[in-house]
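[1] model this:
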Amino acid sequence: MSATASRLTLYANVGPELFHYDVDVDSGTLERRGSVMLPANVQYAWPHASRRFLYVATSDGASGVGAAGSNHHLNALRIDPASGALTLLGEPVALPSRPIHMTTDIPSEYALVAFNNPSALRVYRISPDGSPGAEVTQPEPVDAGIFAHQVRVSRDNRHVILVARGFDAEEGKPEQPGSLKLFEYVGGTLRNEASIAPNGGYGFGPRHLDFHPARPWVYVSLERQNALDLFTLDNGRLSPDPLFRKNTLARPDERPGRQVVSTVHVHPNGRFVYVANRASDSTLLNGERVFAGGENSVAVFAIDPASGEPNLLQIEDSRGIHPRTFHIDPSGRLLVVAHIMGLKVRDGDGLREVPARLSVFRIGEDGRLSFLRAYDVPVGNRTIWWMGMVDQVS
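    Okay, here's the model as predicted:
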């Protein structure tokens with residue numbers, strides 16, 4: 001491979017095993033190559049700014065408010081520039097509880113890790129050799145809201161937003177409000193700056209956000225409302241209320257089971273934004289677990305270049321069950337969706353198994369998705385919890 005050749009690698013986990021795939025963007029194909037075993041189940045991962053390392057948060061804890069577990073780590077992996085293969089770098093850093101999300105700051109001098117139970121945000125140094133280091137002591141207590149779910153660093157590296165989802169009311173418990181926690185960020189240190197909670201955070205259950213590549217627009221997926229909000233982040237200030245809120249579902253009034261959005265990604269060209277809808281509740285049918293129904297899809301929105309308003313273009317079936325993560329390749333031509341599990345579905349008078357899988361879509365010039373193919377992934381009793389692509393120049 002020449003000095004200027006580009007390689008795109010897709011990484012996806014099955015439990016604690018992290019696989020890598022070669023990606024051919026032109027043909028829209030994936031080729032599975034190898035894997036590395038990590039200390040516990042993969043929760044989230046983020047590449048170093050140099051694309052030479054991948055940081056992976058792992059835990060044996062259950063999702064939500066389930067079993068707490070006892071094996072939680074921040075791991076650094078070296079990415080082989082010729083093959084995309086991963087090897088452990090240094091010793092994993094022990095974490096105090098299950099990490100739900102992580103990122104690095106823009107130059108990848110620090111790793112920021114979000115925890116949801118209890119809700120927390122911690123910062124860890126990254127050594128010059130790429131290995132993870134000690135936690136940074138913060139100058140003041142960090143307000144992490146209720147059930148943190150994602151942390152992101154602004155493009156100028158001066159602010160951090162922690163997305164805190166909150167909880168719906170259930171079983172006699174009142175609703176717990178969601179919020180966006182804005183921090184001033186300087187060299188690994190956080191200072192509480194603002195808490196954005198429209199209507200006091202009630203009816204506001206944010207899960208993930210993504211930044212527009214050129215404008216001061218922040219797109220936020222609302223897990224508990226199946227919606228997409230647009231906020232502004234301008235001169236270090238988050239707008240107190242969304243400028244726009246849009247439904248992400250084709251049939252918002254039909255909910256045979258739990259229906260929630262997952263992640264959100266803005267297209268690299270800044271003209272489109274994508275949100276995944278997920279459902280996986282099941283019901284018993286003749287002694288077998290069968291999909292109860294709901295929408296597993298990707299909603300495609302065109303972004304108004306003047307106002308940032310997202311306008312629905314398409315809702316495309318994701319061809320699987322529970323699309324928890326998806327990613328867009330840096331050229332903006334390919335979108336891959338990871339479905340965490342398999343489940344039987346009704347098919348006429350019978351049943352059909354829909355396996356855990358990676359679904360590949362072509363992104364058209366108009367932003368719309370066209371299904372190319374799916375790769376079934378044997379998972380047993382584990383899940384594809386995270387998937388992402390890393391581009392390299394070797």
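[2] may I have stretch 213-222 as PDB, with CA atoms only?
    The C-alpha trace of stretch 213-222 is given here as PDB (Å, rounded to 0.1, in the frame of the first residue of the first chain):
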ATOM      1  CA  PRO A 213     -19.500  20.200  10.400                       C
ATOM      2  CA  ALA A 214     -19.700  24.000   9.600                       C
ATOM      3  CA  ARG A 215     -22.600  25.700  11.300                       C
ATOM      4  CA  PRO A 216     -23.400  26.200  15.000                       C
ATOM      5  CA  TRP A 217     -26.100  23.500  14.900                       C
ATOM      6  CA  VAL A 218     -26.500  20.600  17.300                       C
ATOM      7  CA  TYR A 219     -28.800  17.800  16.400                       C
ATOM      8  CA  VAL A 220     -30.200  15.800  19.400                       C
ATOM      9  CA  SER A 221     -32.100  12.500  19.200                       C
ATOM     10  CA  LEU A 222     -34.800  12.200  21.900                       C
END
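[3] any residues touching it, and which ones?
    Here stretch 213-222 makes contact (C-beta atoms under 8 Å, 6 or more residues apart in numbering) with 155, 161, 163, 180, 204-212, 227-234, 238, 242, 245, 248, 261-264, 266, 268-270, 273, 275, 303, 308, 310. No exception for glycine: its C-beta is placed from N, CA and C like everyone else's.
[4] against residue 195, how distant is residue 144?
    With distances taken as C-beta to C-beta, to the nearest Å, residue 144 is found 11 Å from residue 195.
[5] quick one: pLDDT of residue 256?
    pLDDT, residue 256: 87.
[6] in contact with the closest residue to it other than its chain neighbours, which residues?
    Nearest residue to residue 256 in three dimensions, chain neighbours excluded: residue 293, at 3.7 Å (C-beta to C-beta, 6 or more residues apart in numbering). Applying C-beta under 8 Å, 6+ apart to residue 293 gives the contacts 254, 256, 257, 279.
[7] quick one: which of these sit in strands?
    residue 279 (DSSP state E).
[8] show the buried residues in the contacts of stretch 213-222.
    Taking 16 or more other C-beta atoms under 10 Å as the criterion, what is buried in these is 161, 163, 180, 204-212, 227-233, 238, 242, 245, 248, 261-264, 266, 270, 273, 275, 303, 308, 310.
[9] how about the strands of the stretch 1-150 of the chain, start to end?
    6-14, 17-24, 29-37, 41-47, 53-59, 72-79, 86-88, 93-94, 99-104, 110-116, 119-126, 132-135, 148-153 (DSSP state E, counting those that start in this stretch).
[10] would JSON lines of those strands with mean pLDDT, mean neighbour count and distance to residue 375 be doable?
    Shown next, in JSON lines, are the strands of the stretch 1-150 of the chain (pLDDT from 0 to 100; neighbours: other C-beta atoms under 10 Å; distance: least, C-beta to C-beta, whole Å):
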{"stretch": "strand 6-14", "mean pLDDT": "94", "mean neighbour count": "22", "distance to residue 375": "10"}
{"stretch": "strand 17-24", "mean pLDDT": "98", "mean neighbour count": "19", "distance to residue 375": "8"}
{"stretch": "strand 29-37", "mean pLDDT": "98", "mean neighbour count": "15", "distance to residue 375": "6"}
{"stretch": "strand 41-47", "mean pLDDT": "98", "mean neighbour count": "23", "distance to residue 375": "18"}
{"stretch": "strand 53-59", "mean pLDDT": "98", "mean neighbour count": "26", "distance to residue 375": "21"}
{"stretch": "strand 72-79", "mean pLDDT": "98", "mean neighbour count": "23", "distance to residue 375": "21"}
{"stretch": "strand 86-88", "mean pLDDT": "97", "mean neighbour count": "16", "distance to residue 375": "19"}
{"stretch": "strand 93-94", "mean pLDDT": "97", "mean neighbour count": "15", "distance to residue 375": "33"}
{"stretch": "strand 99-104", "mean pLDDT": "98", "mean neighbour count": "23", "distance to residue 375": "25"}
{"stretch": "strand 110-116", "mean pLDDT": "97", "mean neighbour count": "25", "distance to residue 375": "29"}
{"stretch": "strand 119-126", "mean pLDDT": "98", "mean neighbour count": "20", "distance to residue 375": "33"}
{"stretch": "strand 132-135", "mean pLDDT": "96", "mean neighbour count": "16", "distance to residue 375": "31"}
{"stretch": "strand 148-153", "mean pLDDT": "98", "mean neighbour count": "24", "distance to residue 375": "26"}
